[in-house]
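S.K.: Pasting a predicted model and its sequence here:
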Amino acid sequence: QEDMIGLLEPINNRITDPRYYLNTPHQAAAILKKVGRPNLKLQLDLFHCQIMNGNLSYNLETYFPLIGHIQIAQVPGRHEPDSPGELNFPYIFELLESLGYTGYVGCEYAPKGDTLEGLGWLRSYWESRGLQHGGTSKAAK
């Protein structure tokens with residue numbers, strides 16, 4: 001009625017909270033199916049998803065229709081996407097584009113420095129793709 005979207009977020013119980021009851025996108029998808037409301041979506045935090053069962057490409061492709069928001073952080077340190085770790089974020093971002101994801105990607109990580117330093121990876125990513133700040137094409141300017 002209020003045109004709001006609710007989000008259901010699986011959180012890993014291996015590191016973050018051993019008592020948390022919802023740990024995988026599979027569990028969340030079962031709840032979303034049972035509830036059956038189009039305004040309740042999956043919040044897929046790739047940090048938690050990687051820790052619980054990895055296989056991010058499969059999870060993104062399988063649960064894409066249910067996703068309402070995505071969050072990112074490098075694994076295992078929960079820092080910026082360009083910090084050393086398990087996840088290949090350029091690949092993940094390209095996969096999201098190929099799937100047609102148009103929503104926001106939330107940065108839920110502990111920056112190694114201040115906020116501006118913590119977003120430096122984004123400038124580098126845009127430049128590597130031939131884009132300027134804000135994700136606009138240099139050719140379009």
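M.R.: Here it is on my side, so go on. All values reported here derive from a predicted model rather than from experimental measurement.

S.K.: At which residues are the strands of the protein located?
M.R.: Along the chain, the stretches classed as strands by DSSP state E are 6-8, 40-45, 67-72, 105-107, 131-132, 136-137.

S.K.: Out of the ones you listed, which one sits most buried?
M.R.: Mean neighbour count (mean count of other C-beta atoms under 10 Å) peaks for strand 40-45 among these, with a mean of 21. To be clear about C-beta, it is placed using only N, CA and C from the backbone, and glycine gets the same treatment.

S.K.: I15: neighbour count?
M.R.: Neighbours of I15 under the rule other C-beta atoms under 10 Å: 14.

S.K.: for the residue nearest to it when sequence neighbours are not counted, what are its contacts?
M.R.: Spatial nearest neighbour of I15, chain neighbours left out: I51 (6.1 Å); criterion: C-beta to C-beta, 6 or more residues apart in numbering. Residues near I51 by C-beta atoms under 8 Å, 6 or more residues apart in numbering: N12, R14, I15, T16, V75, P76.

S.K.: L46 now?
M.R.: L46 neighbours (C-beta under 8 Å, 6+ apart): L56, I70, Q71, I72, A73, L87, I92.

S.K.: how does it look with 10 Å?
M.R.: Counting by C-beta atoms under 10 Å, 6 or more residues apart in numbering, L46 touches 56, 59-60, 70-75, 81, 87, 89, 92, 105, 108.

S.K.: Take the residues you listed and keep only those in helices.
M.R.: The helices, defined by DSSP state H, take in L56, N59, L60, F89, I92 from the contacts of L46.

S.K.: Contact partners for the second one?
M.R.: In other words, N59. T24, P25, H26, A29, L42, L44, L46, C49, Q50, M52, N53, I67.

S.K.: Lowest-confidence entry in these?
M.R.: For the contacts of N59, the weakest pLDDT value sits at N53, with 91.

S.K.: Next one: that residue from F47, what distance?
M.R.: Computed as C-beta to C-beta, to the nearest Å, the N53 to F47 distance reads 13 Å.
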